[in-house]
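Quick one, fold the following:
(one chain, ligands or ions: 1)
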Amino acid sequence: MTATAVLGLSEDELALQGRARAFARDIVAPRAAAIDHDGEYPWDIAKALAAHGFCGMTIPTALGGQGRSYLDAVLVIEEMAKCCTVTARIVVETNMGAISTVMAYGNDAQKKLAASLVLAGDKPAICITEPEAGSDALAMTTRADKRGESYVINGKKHWITGAGVSRLHLIFAKVFDERGHELGIGGFLAVRDETNGLRVTKREKTMGLRGMPEGEIIFEELTLPATMAVLPPSGLERGFAELMNAYNSQRVGAGTVAMGVAAGAIDHALNWAKTREQFGRPIGEFQGLQWMLADMQIGLNAARLMLYQAARSRGPDNSAFPDPMLSAQAKIFSSETAIRIVNDALQIFGARGYSRDLPLERMARDVRMFTIGGGTAQVLRTLVASKMLGWKLPQTRDGYASRISMRDAAE
Ligand SMILES: Cc1cc2nc3c(=O)[nH]c(=O)nc-3n(C[C@H](O)[C@H](O)[C@H](O)COP(=O)(O)OP(=O)(O)OC[C@H]3O[C@@H](n4cnc5c(N)ncnc54)[C@H](O)[C@@H]3O)c2cc1C
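Just a heads-up that it's a prediction; the model follows:
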C-alpha cells in the first residue's frame, strides 16, 4: 500500500492537493523570500489565492463557496506552507477560525457579509488576546455595552494577526446590559474602517512570519448594531465556549502550517544530503545524518496523520467543528515536532543553513510561533489532561481551591 493510499485521500482531494502544489510552486515560491525580507503583507498572493478558489473553500455553496471540508483546507495549507508560511496562514484564516464561527453561528446578513469579503481574499482577524489577558482569556477587559439597539465596544487587544490589513474582525468582549450588569463574554462582527472606532495603534516587530502583521487594536466607542452580535445556541452571554469551539479548526490549521514548513525543510535537507560532499562522499552517506533524516520523517508522518485525523473529526458537542481533544493534541505534537525538524534540517546545511541566502533560517524563525499562538502548548496540555481526567481544571487560585473543596465534599 502506498503512503497516499494509507492517508485515504479521494481522487478529488488528490486533485485539489495537486492544484495547490502547482500554485505554490509557480506563484508562491518565487515570492516567499521577498515577503519575509520586505515584511509587507502579500496582497498579490491573497488576490491570487482568491482567484484560484483557495479562500473561502469551506464556505457553503449557497453563499458562493465550495462547501469543502477542513481536510481539503489542510491539504492546501500544507502545500503552501512548504514554501511560504505567510501564504499558508492566509489559507488558514480564510477557511477556518473566524469564518467558521460566522458560518456556524452567524445570522444571514453576517454570513453574506463574511462570505463576500473572504471570497474576495480578505483574511478575517480574531480579536481575543489583551495585554493582561493572554492564556487567561476570561480576564479580558474589553467591554460591549448595550445601548438601545446597539453595542458600544471599548478596549484594547494585542497580537492580532492581520491588524491593519484585515477588514472583517471577530471581536470578543465582556457584555454588559443597559444597567451595567456584566452578562458574560460574547462575539461581535465589525468591518474595519478607520473612522468607526477601530484603530490599529502598533505593529509588533516579530521574529518570523514577517509578511503577516501582528498588531494592537484599540476600540473607542466602536458602535455596532445589535445584529452584529454573533449568537451561538447558548446565547450571546453564555456562548463563549461555543464560539471558542471554532478555534479547533484554527488549531488544526495552525498545526498544519507547522507540519507543512517541516515537510518543506525535509525536502531541502534531503537534496542537500544527497549533493553536498565532505570526506569525498555525499554527507547523506554518514549514518549520523541518516538517522536524523529518519527521525525527521517519522515525526512528519506522525504529525500529518494526527492532523488529518483531527481535520476529519467532529466534536461531541458541536458537529460543525473538529474534536477539541484531537485538535489540541495534533497542534501540540505538530508544532513541537516541526520546530525540531526544521532545526535539524538547518543543521544538515551547516553554515549555509544559518545564511539568509537559503530559506532554512526563515523557516526556523517562522515555525517557532506555533507553540504559542492559538493556545500555548502548555495550556493545550491542560485541556487534554482535563478531558482525560474528566475534571474541570480551573487555573486561578480561587477556582482550584473550589475544585478541591468540591472534591473533598464528595468524598
Ligand atoms: C504570531 C502570533 C499571532 C497571534 N495571533 C493572535 C490573534 O490573531 N488573535 C488573538 O486574539 N491572539 C493572538 N495571539 C496571541 C496568543 O493567542 C497568545 O500569545 C497566547 O494565548 C498566550 O498568551 P500570552 O502571550 O499573553 O502568554 P501568557 O498567557 O502570559 O503565558 C506566558 C507563559 O506562561 C504559560 N502559561 C500561562 N498560563 C499557564 C497555565 N495555566 N499552565 C501552564 N502554563 C501556563 C504559557 O504557556 C506561556 O509559556 C498571537 C500570538 C502570536 C505570537
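
Quick one: name whatever helix or strand follows the longest helix anywhere in the chain.
For the chain, the helix with the greatest residue count under DSSP state H is helix 247-275. Downstream of helix 247-275, the first helix or strand assigned by DSSP states H and E is strand 277-278.

tell me what the helix or strand containing Ile90 is packed against?
For Ile90, the host element (DSSP H and E) is helix 85-95. Applying 3 or more CB pairs under 8 Å, 6 or more residues apart in numbering; DSSP states H and E, one finds that helix 85-95 contacts helix 29-38, helix 43-51, helix 70-83, helix 247-275, helix 360-367. Any C-beta I mention is one placed from the backbone N, CA and C, and that applies to glycine too.

Just say which of these is most tucked in.
helix 70-83 (a mean of 27; mean count of other CB atoms under 10 Å).

quick one: contacts of that helix?
The contact list for helix 70-83, computed with CB atoms under 8 Å, 6 or more residues apart in numbering, reads 9, 13, 16-17, 20-21, 23-25, 28-29, 32, 54, 57-58, 87-88, 91-92, 95-96, 249, 252-253, 256-261, 263-264, 267, 304, 307-308, 311-312, 322, 359.

One more: stretch 196-215?
For stretch 196-215, contacts defined as CB under 8 Å, 6+ apart pick out 35-42, 85-86, 89-90, 153, 158-165, 169, 190, 192, 216-223, 362, 364-369.

Stretch 176-192 now?
By CB under 8 Å, 6+ apart, stretch 176-192 touches 101-102, 106, 110, 113-114, 117, 138, 140, 143-147, 151, 153, 166-175, 196, 198, 222, 224, 228-230, 236-240, 243.

7 Å instead, please
Applying CB atoms under 7 Å, 6 or more residues apart in numbering, the contact partners of stretch 176-192 are 101-102, 110, 140, 143-147, 151, 153, 166-175, 198, 222, 224, 228-230, 236-238, 240, 243.

Repeat that for stretch 339-352.
261-262, 265-266, 268-269, 272-273, 289, 292, 296, 299-300, 353, 358, 360-361, 363-364, 367-368, 371.

which of those come close to the ligand?
Among the contacts of stretch 339-352, no residue is within reach of the ligand (CB under 6 Å from any ligand atom).

give me phi/psi at Met244?
When read as degrees, to the nearest 10, the backbone of Met244 gives phi -70, psi -20.

roughly how far apart are it and the ligand?
Per CB to the nearest ligand atom, to the nearest Å, Met244 is found 11 Å from the ligand.

Looking at that residue now. What's its pLDDT?
Met244 is assigned 86 on the pLDDT scale.

Looking at the stretch 101-250 of the chain, which residue is nearest the ligand?
Here the stretch 101-250 of the chain gets closest to the ligand at one residue, Gly134, 1.8 Å apart by CB to the nearest ligand atom.

In this structure Ile128 contacts Ser135, no?
No. Taking CB atoms under 7 Å as the definition, Ile128 is not a contact partner of Ser135, at 10.8 Å.

The two: which is more packed in?
Ile128 (22 against 14; other CB atoms under 10 Å).

now that one, nearest residue through space, not along the chain?
Phe172 (4.8 Å; CB to CB, 6 or more residues apart in numbering).
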